[in-house]
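*Asks:* Quick one, structure for this:
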Amino acid sequence: MEVTLMDTQKQATMELSTKENELAEKLFNAYQSHNALKESDYKGVVTDEDAAYRVQKRLTELKNEEVGGYKVSLTSKQTQDMFDSDSPLYGAQVKSHFVQSPVTLHRAQLMEPLAEVEMLFTAKEDLSSKDSLEDLLRKTKVAPAVEVPDSRFSDWFPSLSKYMVMADAAVGGYVVYGQEVDANRLFDSVDALAKVKCQLFHDGKKLKDGASSEVLGNPLNSLQWLVKKLEDQGQPLRAGQRVSSGTFLLPESLTDGEWKATFDQGLGAVFLNVSKD
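*Replies:* Numbers count the residues shown, from 1 in each chain. I've put the predicted structure just below:
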C-alpha cells in the first residue's frame, strides 16, 4: 500500500515524545489522586496545538473509559483574550463525567472547580463536517447544562496557558445536564438558539445573567466547529455523544452549597449541590 507524504506527516503529529508521554502520565496521576501539578514544572513540553492534543489523546486513553462526548472552550472573545487565543479548543470527556440533574458532587471529587452555564447537545446520529447548521439542529437533542471545569494544575484560572488547557482535556471536570429534547422541537429555527437567556444562582442568590449569543454567536456554531475539528483529526462525532458547547457567562468559583441555572425558551433548569463531605 502506498504511503503518501501527507500520511507520514499525519502519523508524525500523532506520535508522542518522551516528555509528552510523561506529562500525560502525570496528568492522569493527578486526575486520580487530586494532587495538583505546577505548570512551571512542565515548561516547554507542549508548545503547539498538535503536541497539546497528542497529550490529551494519551490522557484520555489512560482513563480507560468510554468517551461520552466533548466540551468546547474559549467560545467568546473575552475568554479567548484571557487565554491568548483566536479560536476555540476542545476536550474529550469520559462518559461517567456527564451526569444528570439533580445531582450532588462531593468536594473530594473536585480540585479547583468553576461553574459555567451552557447548552448541551446530544447527537441522535453521527455528525459530519458537511452538516449545515440546519442539519445539526435536526440531528441533535438539546438540554440545559452546568459545566464544572476543573484542572489538574494548581492556581489554573485564568493563568494556565492555552496549550496546557488543551493537554488537560480542556480542564474538563463534570457536565451536569437537564432534560434532553429534540432540538428542532424546542427551537423552530437556527437563529432561535442564539436568543436563549440564563440566570445562575448560588444558595438562592442570583450571581449572573448570561446569553447563548456569547457562544460564537450561536451554540450551533460551536457544535459545527467541533464536528469539523474532530473529523480533521480522524475521530468523528458519533451518535449518542454529548457536547457541552461553551459558556453563556464568565465562570464562577464552584463553592459548597446549592447551585441552580435557569434558562428561558423552554430549555429548563439544572440543579447541582456541592457537598463538603
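
*Asks:* Who are the contact partners of the residue nearest in space to the middle of the chain?
*Replies:* The centroid of the chain falls nearest to residue 71 when counting by CA atoms, centre = their mean (1.8 Å). By CB atoms under 8 Å, 6 or more residues apart in numbering, the contact list for residue 71 reads 90, 91, 93, 147, 149, 170, 172, 175, 243, 244. (Each C-beta comes from the backbone N, C-alpha and C, glycine too.)

*Asks:* got it, and residue 155?
*Replies:* So residue 155 contacts residue 112 (CB under 8 Å, 6+ apart).

*Asks:* is it fair to say it lies in a helix?
*Replies:* No: counting by DSSP: H, G, I helix; E, B strand; the rest coil, residue 155 is not part of a helix but coil.

*Asks:* Please tell me how far it sits from residue 39.
*Replies:* Residue 155 is 9 Å from residue 39, where distance means CB to CB, to the nearest Å.

*Asks:* With residue 91 instead?
*Replies:* Taking CB to CB, one finds residue 91 at 17 Å from residue 39.

*Asks:* Kindly report the same for residue 204.
*Replies:* Distance from residue 204 to residue 39, by CB to CB: 36 Å.

*Asks:* More neighbours: the two, which one.
*Replies:* Using other CB atoms under 10 Å, the more surrounded residue of residue 204 and residue 39 is residue 39, with 19 against 8.

*Asks:* residue contacts, the residue nearest to that one when sequence neighbours are not counted?
*Replies:* Leaving aside its chain neighbours, residue 39 sits nearest to residue 153 (5.1 Å; criterion: CB to CB, 6 or more residues apart in numbering). Residues in contact with residue 153 (CB under 8 Å, 6+ apart) are 30, 36, 37, 38, 39, 160, 164, 168.
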